[in-house]
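[1] Fold the following for me, if possible:
(2 chains)
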Amino acid sequence: DGGITQSPKYLFRKEGQNVTLSCEQNLNHDAMYWYRQDPGQGLRLIYYSQIVNDFQKGDIAEGYSVSREKKESFPLTVTSAQKNPTAFYLCASTPGLNTGELFFGEGSRLTVL
Amino acid sequence: QKEVEQNSGPLSVPEGAIASLNCTYSDRGSQSFFWYRQYSGKSPELIMSIYSNGDKEDGRFTAQLNKASQYVSLLIRDSQPSDSATYLCAVNLFYGQNFVFGPGTRLSVLP
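    Below is the predicted model:
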C-alpha cells in the first residue's frame, strides 16, 4: 500500500543534541512538507520541497534543516538551535506543490529532556 | 496574514445528533478547502475536500462552502462516539501558496 512512513514515532533528546526525523513516501508525489503541531494549535509549516535538491523555508524554519536527495525521502533535522523543540512533527506530501490533498505520515513525537 | 479560524470547543453533542463545525478564512482568493479529522496522538486524516460553492456530501459528512461569506462548515449526521476527535480546517490558494490550518475544533460525542 502507498503511504508515508515516519520514524521514529517517539524520540527523546537531551538539550544540545541534534536529532533527525525520517520521512519516506512511496506515493510518487513530487512535493513534501514538514509541519509542527503543538497542543491545542494548528499545524505550522517548517519546510517544504517541490522537487529533488530543492526546498524552501516555511513559517517556522529557524532551528531546523532538511535535505531532498531522493524523491522519496525528506528528512528533518532538529538542531540544538531550536529553542523549544518538544512537539509532534508531521511529514506530508502532495502530487504537486500545494495541489490536491495533503497526505500525512503517522507523525514523530519529540521530547526534550 | 492569512488566517483560518475555528472555535476550539469542545463541542459536545449527544449520540445520533448532528454536529456542526465551522471555519472562517481571511483570504478571499482561497480556492481549496479541506476538513481533516485527528484523533488524540494520531496524524490528521482527510475527511472532505471542497472547491466550489454549495454542499458536498459523503456518507454522514456534508461540507458546505460559501465563498462570499468566507466560511466553510462540516456537518456530521447521526454522530457516533467514534467521531470524537479534533477537526482541522485547511485552506489554500491555487497559485502556489501553502496550506493554512485552523487550530481545530474538539468534538465530543456523548453516548
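[2] Please tell me the pLDDT value assigned to the residue in chain A positioned nearest to chain B.
    Proximity of chain A to chain B (C-beta to the nearest C-beta) peaks at residue A:42, 3.7 Å away. (Glycine included, C-beta is placed from N, CA and C.) Looking at residue A:42, its pLDDT is 85.
[3] Look at it and say how many residues are nearby.
    Around residue A:42 there are 19 other residues, counting by other C-beta atoms under 10 Å in any protein chain shown.
[4] What of the one 10 residues further on?
    Neighbours of residue A:52 under the rule other C-beta under 10 Å: 15.
[5] OK, contacts around it?
    A:68-71 (C-beta atoms under 8 Å, 6 or more residues apart in numbering or on different chains).
[6] Pull out the buried residues from those residues.
    In terms of neighbour count (16 or more other C-beta atoms under 10 Å in any protein chain shown), the buried residues within the contacts of residue A:52 are residue A:68.
[7] Where does pLDDT dip in chain B?
    Counting by pLDDT under 70, chain B contains low-confidence residues at B:1-2, B:94-97.
[8] ok, 90 please
    By pLDDT under 90, the low-scoring segments of chain B are B:1-3, B:7-9, B:27-31, B:92-99.
[9] got it, and chain A?
    Within chain A, the ranges that satisfy pLDDT under 90 run A:1-2, A:13-16, A:39-42, A:80-83, A:95-101, A:113.
[10] what's the residue nearest in space to the middle of chain A in contact with, if anything?
    Closest to where the C-alpha atoms of chain A average out (C-alpha atoms, centre = their mean) is residue A:34, at 3.0 Å. Residue A:34 makes contact with A:21, A:23, A:45-48, A:58, A:64, A:66, A:74, A:76, A:89-92, according to C-beta under 8 Å, 6+ apart.
[11] Go through those and name the one nearest residue B:49.
    Closest approach to residue B:49 among those (C-beta to C-beta): residue A:92, at 14.4 Å.
[12] Just say helix, strand or coil for the closest one.
    Three-state assignment for residue A:92 (DSSP: H, G, I helix; E, B strand; the rest coil): strand.
[13] Can you name the residues of chain B that neighbour chain A?
    Proximity of chain B to chain A (C-beta under 8 Å from any C-beta of the partner chain) is limited to residues B:4, B:8, B:34, B:36, B:41-46, B:49, B:88, B:90, B:92-94, B:96-99, B:101-104.
[14] are any of those buried, and which?
    Here, 16+ other C-beta under 10 Å leaves B:4, B:34, B:36, B:43-44, B:49, B:88, B:90, B:92-93, B:97-99, B:101-104 buried among these.
[15] quick one on the thing from earlier: which residue packs closest to the residue of chain A closest to chain B, ignoring adjacent ones?
    Once flanking residues are discounted, residue A:42 sits nearest to residue B:101: 3.7 Å by C-beta to C-beta, 6 or more residues apart in numbering or on different chains.
[16] Quick check: beta-bridge partners of that neighbour?
    When bridges are called by DSSP bridges, residue B:101 pairs up with residue B:90.
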